[in-house]
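Colleague: All I have is the shape, not the residue letters:
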């Protein structure tokens, strides 16, 4: 396989660190590696495959001679993404900056890999809560056509970055000691609490996170007719998001058949044996690349209803793993751009 | 108001302790008070309104001369409930032992107070997750007739008693120190985790907790046509359960109108101002008697859809407060039984 000159922007953050682990585990064919971040993190040393790399402050020059740029998230891709693409670098962006741009494919490799071929320099990585949901929805949609999804999420603090992970620890320790929990990243204490508010409030009092689950899913599945309504909630869990999905399909799907097709689908591991207390939980999903599906039940309150419980590591499949999988597809499909 | 001879069975547990607080706060007219528990807790001293009471082991004689018995939960009501009722004591039972018995009213005072009048000696207190849901559903059902509810719960550990509360603390401290969390009350570690399994698994792989939300709601609302599908999940929160409700009604209900009728309904406090980050959370609901409703949004994926986020203190409105309110109704309605 062709060796790739790769730049990671945001290499010192929670997602950036996970990208490095995933690249190594999956033997991604790296030739030159460049690690970039904001000026605050420049100068840090990070080891990858036995070599130490010094983190550089991201500038336009960071992209010179690179084949692929993985942007871990945040505002950096807005500033540098289009210019990097102009230089012939394929940008894979984990932020929400370009996801709904009609020129930008929004890709989950198990669901719509072919969309990678349509890129014009930028490919977007979907929102974490969307990724694990569409991986579970795709085989059901193919088999029975999904009409409507009601989803309630249970989202880990890792979705808000490393500071959020530290905040959960610090607040938890404070509460156990009888002190006040200090909120910084989140609007309220998250330790031993739930916050039904992720990202900003928008139309009809839904949050941006809730709208992302609607719009991104429709784009990834190429089907504007799928109706989705979401309630997204932050929970005091370090990493791995969980989702309760209630699905209405056009065709009847028994629980037995749903298990069969989910088990056969890529990227999914079924954990569903109530008698043995086997079901997905954040505790088991963390540090894994798969989407775990369980509590698969027919919902007889409608003609063709199904309930699922879906758990995946937000930093892995919800971010780093999906981005690296996209990079693998770019190489496999020969979708690198010509160097200027 | 008539003064009542009152016995509390299970007085030393999490719910029993809360019942004593609520009786005092609501100035319940207690004449003689007897505190009972298993032999393990007999001999303990508990203070109520300035007097010390010695906890007795529950026996049949415990009910002699009593007017009302409040059973805090567990197996005791199965053993002593019918016999106590035979003695002329009105039994108010927080366990699930008699809830679905057609002879036993299942009462939420804000919803079906009149059912108290039909009692034959035993009145059942519903399951905690049911109580807060029906308080929110009732005004909507009256206004627009509910056809279907999809509910996902986020349930605190207090629902599993005092040992569960201690287990969450012990496990959390262990995880923060890098030690192993030891599971005892729950099947798996609950600290920084979620467990999609409450009570035993039953028909169609739904748990008993999930079926309770279906069957109890239909009984309390006197309407078998309301379709409910539930996914119940334990979360690492000390007390106060949260629920994401997706509701389909026969008549259209705008979000504005839903807020109006919920605000006017008994036992409900609306917390719904996204611009000011006002929404219900366990942190705010704990130690309060009300049901908090927020995130009130129209769901346009169906003709008449509504999303709500409902939070209430599991030990308060979900157990102790509701039981004491039932006792108040028994007194108010003159539904005490004749002494033998």
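Modeller: Here it is on my side, so go on. This structure is a prediction, so every number in the text was calculated from the model and none was measured. Numbers count the residues shown, from 1 in each chain, chains lettered A, B, ... in the order given.

Colleague: Now do the contacts for the residue in the stretch 51-200 of chain A that chain B sits nearest to.
Modeller: Residue of the stretch 51-200 of chain A nearest chain B, by C-beta to the nearest C-beta: residue A:152 (3.6 Å). For the C-beta atoms, the positions are set from N, CA and C on the backbone; glycine is no exception. With contact taken as C-beta atoms under 8 Å, 6 or more residues apart in numbering or on different chains, residue A:152 is in contact with A:230-231, A:233, A:243-244, B:152, B:231, B:244.

Colleague: Surely it forms part of a strand?
Modeller: Yes: counting by DSSP: H, G, I helix; E, B strand; the rest coil, residue A:152 falls inside a strand.

Colleague: hmm, back to that, if you rank the contacts of residue A:152 by neighbours, which is first?
Modeller: Of the contacts of residue A:152, residue B:152 is surrounded by the most neighbours, 29 neighbours in total, counting by other C-beta atoms under 10 Å in any protein chain shown.

Colleague: residue ranges of the helices in chain A, please?
Modeller: Along chain A, counting by DSSP state H, helices occupy A:14-25, A:76-86, A:128-144, A:162-176, A:208-220, A:255-264, A:282-285, A:321-332.

Colleague: CSV for those, including mean pLDDT and mean neighbour count?
Modeller: Shown next, in CSV, are the helices of chain A (pLDDT from 0 to 100; neighbours: other C-beta atoms under 10 Å in any protein chain shown):
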stretch, mean pLDDT, mean neighbour count
helix A:14-25, 97, 21
helix A:76-86, 97, 19
helix A:128-144, 98, 24
helix A:162-176, 97, 18
helix A:208-220, 98, 22
helix A:255-264, 98, 16
helix A:282-285, 97, 22
helix A:321-332, 98, 23
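
Colleague: Can I get the ones you listed in a markdown table including distance to residue B:123?
Modeller: Listed next are the helices of chain A as a markdown table, based on distance: least, C-beta to C-beta, whole Å:
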| stretch | distance to residue B:123 |
| --- | --- |
| helix A:14-25 | 52 |
| helix A:76-86 | 61 |
| helix A:128-144 | 43 |
| helix A:162-176 | 37 |
| helix A:208-220 | 40 |
| helix A:255-264 | 37 |
| helix A:282-285 | 39 |
| helix A:321-332 | 54 |
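
Colleague: Out of those helices, which gets nearest to residue B:254?
Modeller: Nearest to residue B:254, of all the helices of chain A, is helix A:208-220, at 18.8 Å by C-beta to C-beta.

Colleague: For the closest one, what is the distance to the chain centroid?
Modeller: Distance of helix A:208-220 from the chain centroid (C-alpha atoms, centre = their mean, to the nearest Å) equals 13 Å.

Colleague: neighbours of the spatially closest residue to residue A:147 that is not a sequence neighbour, just the number please.
Modeller: Spatial nearest neighbour of residue A:147, chain neighbours left out: residue A:248 (4.7 Å); criterion: C-beta to C-beta, 6 or more residues apart in numbering or on different chains. If you count neighbours by other C-beta under 10 Å, residue A:248 ends up with 21.

Colleague: Quick check: residue A:248 touching residue A:145?
Modeller: No: Residue A:248 is beyond contact range of residue A:145, at 10.0 Å (criterion: C-beta atoms under 8 Å).

Colleague: Let me see the confidence value for the residue of the stretch 51-200 of chain A closest to chain B.
Modeller: Per-residue confidence (pLDDT) for residue A:152: 98.

Colleague: And residue A:2, by the same measure?
Modeller: If you check residue A:2, the pLDDT there is 83.

Colleague: Quick check: the gap between it and residue A:30.
Modeller: Residue A:2 sits at a distance of 11 Å from residue A:30 (criterion: C-beta to C-beta, to the nearest Å).
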